[in-house]
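J.: I would like the atomic coordinates for the input below:
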Amino acid sequence: MHRIIIGSLVAAGLLTGLPPAFAQTQTMSISTMPIADIVAALNTKGRLSMSGALFESNDHNLTAASSDVLAKLAESLNQLPDAKVALVGHSDSTGDFAYNVDLSARRAQSVIEALVSSHGIKRARLVGLGAGPIDPVASNASENGRAQNRRVSFVVISEAKAGEAEAAQGFWMNDRVTGCAIWSADKPEEDERASWTGACQGGMAEGKGNLLFWDNKGVLARYDGQVSTGRAHGKGAMKFRNEAGDGMDSYVGKFINGAPAGEGLLVSHDGYRFEGELINGINHGKGKLTTPEGWEIKGEIKDGKAIGEAFAYYEDANKDLYVGDIENSKRHGFGMLMMANEDAYVGEFVDGSPSGPGMFEAANGSQYLGLFAEGAPNGVGTVIDVDDTTYQGWYVNGGAHGKILVTNKDGTQAIETWENGSKVQ
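T.: Here you go, the predicted model:
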């Protein structure tokens, strides 16, 4: 998804998406701490920050004062060989907000490069993020406070959270007229542009207005509604170019930190319609999905398909009607299928076809009660003919096969031999 359809990871927030939270991370002077205390802090509290003048103002290069800190941190990481760590860069409040977010990300990357190149820490263990000026540990009113804010925090994270962190960072674009910062999940291509028609507070888009992203092919996404700290946040409406680039989809509803979240209506250019609560971006939610073929699916939907158990109403082009359980967008479980020719089936389905115990009634009134497999009577069952004659026995691919007990309407019985649905004379 592009731009403001950003990914659900941001719904947790840049500072709360990784446990323990980046916000208010404890700042300690690693240079004066014994390595054992550093290891203990990372191992028990899960977080720690480098303090001191580690970066010059407006610069991502490490100062000489950082060498001892990095050496101790590297040795501590060597004592925690299975730990994966997010490095969160921070800046003071001097200058443009979007620039500072990018600068803080570059600072985190500088620490990563130093740990990898000078201390042999494996790059795969480290994830870099930039928080900009939004999590200060000291006042930005003094140079000493600003120096403390120019730091990098270390947060021990899981493999899953490492992937979330990498996806959540995103990028910042600027309105070329106002300079107002607008957040984007994807790295903008060279020909991409962004604009914002509302207010700009603290260097970021804020309030009610219109966000527009475009490239040399036309509009990528347009959002009308509430915006907070550069992201769609609140009630809004959006149209966006789909991933294939062959149409525009739309969403009306709630947004949280740039991503559709909560109750809303999503309509694709090719006829899919989802109404309900989004769980994880636009491709995962709980509610009702209507497909171009006529399916109405109620349950948990992901990537256009039901996952797990769900309930469906389905009427296809032939006017066959299904009401019942589904799994992964196929009839699966208990349901009722009523066909346009007035045949009907009630019973168990597996992967879309009658399978297991069930009852089939033909339009002429004859019935079969018994076991099904792959859509046909297969196994033990009973046929009740229109004249009330019953045929009990074994069925193969819909036909009586083997010894069949025939009970006539008057109660007389006979054992007959059948083969593939035909009586053997």
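
J.: Now do Gly381 against Leu405, distance only.
T.: To Leu405, Gly381 is 12 Å away according to CB to CB, to the nearest Å. For glycine as for every other residue, the C-beta is placed from the backbone atoms N, C-alpha and C.

J.: Between the two, which contacts overlap?
T.: The contact sets of Gly381 and Leu405 overlap at Gln392, Gly393 (CB atoms under 8 Å, 6 or more residues apart in numbering).

J.: And the two? Which one has more around it.
T.: Neighbour totals were compared for Gly381 and Leu405, and Gly381 leads with 21 against 13 (other CB atoms under 10 Å).

J.: Contact partners for that one?
T.: Tyr368, Leu369, Gly370, Leu371, Gln392, Gly393, Trp394, Tyr395.

J.: what secondary structure does it sit in?
T.: strand (DSSP: H, G, I helix; E, B strand; the rest coil).

J.: That one bridge partners, please.
T.: Applying DSSP bridges to Gly381 yields these beta-bridge partners: Gly370, Gly393.

J.: again, but for His284
T.: Assessed by DSSP bridges, His284 has beta-bridge partners Lys302.

J.: quick one: it from Lys330, how far?
T.: Applying CB to CB, the value for His284 to Lys330 is 19 Å.

J.: do Asn58 as well
T.: With distances taken as CB to CB, Asn58 is found 58 Å from Lys330.

J.: same question, Ser142
T.: 65 Å.

J.: Of the two, give the one with the bigger neighbour count.
T.: Lys330 (15 against 10).

J.: Per-residue pLDDT of the more buried one, please?
T.: The per-residue pLDDT reported for Lys330 equals 80.

J.: Now do the contacts for the residue lying closest to it once chain neighbours are set aside.
T.: Using CB to CB, 6 or more residues apart in numbering and skipping residues adjacent in sequence, the residue nearest Lys330 is Gly352, 4.2 Å away. Neighbouring residues of Gly352 by CB under 8 Å, 6+ apart: Lys330, Arg331, His332.

J.: how close does Gly352 sit to Met336?
T.: From Gly352 to Met336 the distance is 14 Å (CB to CB).

J.: and if you look at Ala205?
T.: Distance, Ala205 to Met336, using CB to CB: 52 Å.

J.: more crowded one of these two?
T.: More crowded of Ala205 and Met336, by other CB under 10 Å: Ala205, with 28 against 16.

J.: Pretty sure that one sits in a helix.
T.: No: assigned with three-state DSSP, Ala205 falls outside any helix and is strand.

J.: what sits against it?
T.: Residues in contact with Ala205, defined by CB under 8 Å, 6+ apart, are Asp175, Cys180, Ala181, Ile182, Trp196, Gly198, Ala199, Leu211, Val227, Gly230.
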